[in-house]
Each structure stands twice: as structure tokens, then as C-alpha cells.
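[1] how would this look folded up:
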Amino acid sequence: MHRFIELSHVIEDGMITYTGLPGPKIGDYLSRADSEGHYSEGTTFQIGKIEMVANTGTYIDAPFHRYEEAADLSGIELSSIANLNGMVFRADPLRRPIGQDLFNGRDLNGKAILVHTGWDKHWRTEQYFENHPFLTRAAAEYLTSSGVALVGIDSLNIDDTADGSRPAHSILLGATIPIVEHMCNLGALPPSGFKFFAVPAPVKGMGSFPVRAFAIIEE
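    Take a look at the predicted model:
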């Protein structure tokens, strides 16, 4: 038996993922009513269209997001974003900078490391954009040296947005470690013993894109 755990926010028309970036515009390219003349009587289709920035909803950052010559979405190895052994680390909800001590003493090699802060409870509120939890430079360096496959977090940004050097992004993506941000429902996962998936469309020339992140737990 397998149980699937949804870890992605639903993308809705007009919603704001990140302050300063526009929300998606979702609608019809061809409505069902307009399609009636194209098919047999009683047969209709909807063809939708969406206009959005790549950093919408729960999304993945490929190395190209930070480094021009690095792998874009089409160049990410599936082995680094799908069917990964996952581990969840619970951060103190009152702790904003998350240091390497959260991860000390564990075998992280080849794992998808998911940081559960509980910040997703503020999703689609003004609080979500203020004083979010983030990883320190030391934490990013430790995860990289530990050989992790991917790092995800359920808050606004894996970095402190007041730090323009974006050390966590720079270190992890520089080591070709994908990042998944704006996750949700990490509290439903066990500490380990699950498979993790966060697969985007393989778009050439883009470094970020929404994913359907989920976990599979064997029962």
C-alpha cells in the first residue's frame, strides 16, 4: 500500500507568491461555449491559458536560476528531483535563522532534505512575507558538504531576503543542488522513510518553475 502526501500549494488566479511579483492570470484561450462549433454536437473542450512569472506557487530553482552557464530546467537530472529518499527536519517555529546544528549527526548523502518550519500556515496572508525562517550560510555549506540531493523549505525563501548575496541559493545551486520553496504540509510527513518528487516541465532557458511536489509513503 502507498499513501500520497501533497506538498504543493494550489495555483489560483491572481494569488501572490512573492511580494513584488505579479500573480498569475488564468483563463480560457478557447471556452467550452466557443468550442461548440468545432466538434460534433454535445462535444466540447476547454483550452486554458496562463500568464505568470516562473516563481509562482510551490516551485523549484535549477542552478540556472543563479548561474548563467549552469543547468536550466531542461538540464536537471531526473535522479535529483524524483524518487528520492526524503528526510524532514523540524525547525523551532520561533527560530528564524536555521543553522547547521539542525542537521548534525545524520546521514544526508543523496537525500531530499525538507525543512519544516510551519510557515505555510501564513500562506496568502501578509504575515507570510515578513520575518520568514531561512537557512544560514553555514547550514547551506553543511548540507552541500554532506552530499544532499535536494533541499526544500516551506517558507517564503530559503535565504534571508535582507541579504542580497543570497548565500543559500548561491552555495546550493553552485553545487547543482536544486531548491524547492513555498512547500506545504510537511507536518504530515514522517522524519524519514518516504520517497520525494518535485518535477517541473523541462523548459529550455528557464531556471525556476512550479512543481507538483509530493511524497509517497509505503504502508
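
[2] what about the strands in the protein?
    Under the criterion DSSP state E, strands of the chain are mapped to 2-6, 25-30, 47-51, 59-61, 84-90, 97-98, 112-116, 134-135, 150-153, 179-181, 192-197, 208-210, 214-218.

[3] Could you tell me which residues make contact with Y59?
    Counting by Cβ atoms under 8 Å, 6 or more residues apart in numbering, Y59 touches T17, V180, E181, H182, P200, S208, F209, P210, V211. C-beta coordinates here come from the backbone N, C-alpha and C atoms, glycine included.

[4] give me the beta-bridge partners of the spatially closest residue to V180 that is not a sequence neighbour?
    Counting by Cβ to Cβ, 6 or more residues apart in numbering, G152 is the residue found nearest to V180 once chain neighbours are left out, at 3.7 Å. Bridge pairing for G152 (DSSP bridges) gives the partners L114, V180.

[5] So N83 versus F194, what's the distance?
    Distance of N83 to F194, computed by Cβ to Cβ, to the nearest Å: 11 Å.

[6] now T161
    The value you get for T161 to F194, if Cβ to Cβ is used, is 30 Å.

[7] who's more crowded, the two?
    Taking neighbours as other Cβ atoms under 10 Å, T161 and F194 compare with F194 leading, 22 against 15.

[8] got the contact list for that one?
    F194 sits next to I5, N85, G86, A215, I216, I217, E218 when contact means Cβ under 8 Å, 6+ apart.

[9] Who are the contact partners of the closest residue to the last one other than its chain neighbours?
    What that stands for is E218. Distances taken as Cβ to Cβ, 6+ apart place H2 nearest to E218, at 5.9 Å, with adjacent residues excluded. Neighbouring residues of H2 by Cβ under 8 Å, 6+ apart: I216, I217, E218, E219.

[10] Could you find the closest non-adjacent residue to N83?
    K195 (5.5 Å).

[11] still on that earlier bit, out of the contacts of F194, which one has the weakest pLDDT?
    Among these, E218 has the lowest pLDDT, at 89.

[12] That one contacts P190, correct?
    No - the pair E218 and P190 fails to qualify as a contact (Cβ atoms under 8 Å) at a distance of 10.8 Å.

[13] Looking only at neighbour counts, state which of the two leads.
    Higher neighbour count among E218 and P190: P190, with 12 against 9, using other Cβ under 10 Å.

[14] ok, now which ones touch the residue sitting nearest the centre point of the chain?
    Centre of the chain computed as the mean C-alpha position; nearest residue by Cα atoms, centre = their mean is V180, 2.8 Å away. Neighbour list for V180: T58, Y59, I60, D61, L150, V151, G152, I153, A198, V211, A213 [criterion: Cβ under 8 Å, 6+ apart].
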